[in-house]
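>>> build me a structure from this.
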Amino acid sequence: MDFNHATAANVEGLTAIGVLAFGAVGLAAVAQHVFDIQPCPWCAFQRLLYIVVGVLASLAAVLSNTSRRTLIVLACLGAPGGIASVRENSCALMLAESIISALRLDWLVPRLFVAYASCADASVSGFHISFAIWNCAMFVIFALLLVWTLRRSMKGKALVIPS
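The predicted structure follows:
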């Protein structure tokens, strides 16, 4: 595989992650504003993580290899956060609410980041699978795609550790 083919595949993969991440936020907004499925604090936090992963992946798709790898690593850090937030759906809400409030997202973009429901009220499913499982699957896919893209971008590169 030549360099251009690998680079094109990385750009396509990163673009796909960006589109999926922003699409997930769009679907969440439609579920909330069209179908009246109100978000809990963890749902709002997952929206934030989708946006962060989407922005980082989209930027990585248009930048050079060194910058691309840095952004991929940063995006990789968001994916486990999304998986953990699904696990934390036990309504120990302080962390999710604290992060959203500290960033003032509930004030800046209330239509996306204000939680109007408890986790129990927001526990709905699509195709007989809970939204929490769908979110977990999406973040696992992001993590796998990001690691795969990072590995492809590092092929043939020696890791230099300063002594």
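>>> any buried residues in the strand or helix carrying residue 98, and which?
Take DSSP states H and E as the rule and residue 98 turns out to sit in helix 94-102. Burial within helix 94-102, assessed by neighbour count using 16 or more other C-beta atoms under 10 Å, is assigned to 96, 97, 99, 100. C-betas here are computed from N, CA, C, even on glycine.
>>> how about those residues in JSON lines, adding distance to residue 76?
Below are those laid out as JSON lines (distance: C-beta to C-beta, whole Å):
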{"residue": "96", "distance to residue 76": "21"}
{"residue": "97", "distance to residue 76": "25"}
{"residue": "99", "distance to residue 76": "19"}
{"residue": "100", "distance to residue 76": "22"}
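>>> for those residues, give me JSON lines that also has pLDDT.
Below are the buried residues of helix 94-102 laid out as JSON lines (pLDDT from 0 to 100):
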{"residue": "96", "pLDDT": "78"}
{"residue": "97", "pLDDT": "82"}
{"residue": "99", "pLDDT": "86"}
{"residue": "100", "pLDDT": "86"}
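>>> just give me the closest of these to residue 146.
residue 99 (21.4 Å; C-beta to C-beta).
>>> which stretches of the protein form strands?
Secondary structure of the chain (DSSP state E): strands located at 125-126, 129-130.
>>> where in this structure is pLDDT low?
Applying pLDDT under 70 to the chain picks out residues 1-6, 85-93, 117-128, 156-163.
>>> and the lengthiest helix in it, what's buried?
Criterion DSSP state H: the longest helix present in the chain is helix 3-33. Within helix 3-33, the residues that count as buried by 16+ other C-beta under 10 Å are 10-11, 13-14, 16-18, 20-22, 24-25, 28, 31-32.
>>> equivalent analysis for stretch 64-76, please.
Residues of stretch 64-76 classed as buried by neighbour count (16+ other C-beta under 10 Å): 68, 69, 71, 72, 74, 75, 76.
>>> alright, I will stop here.
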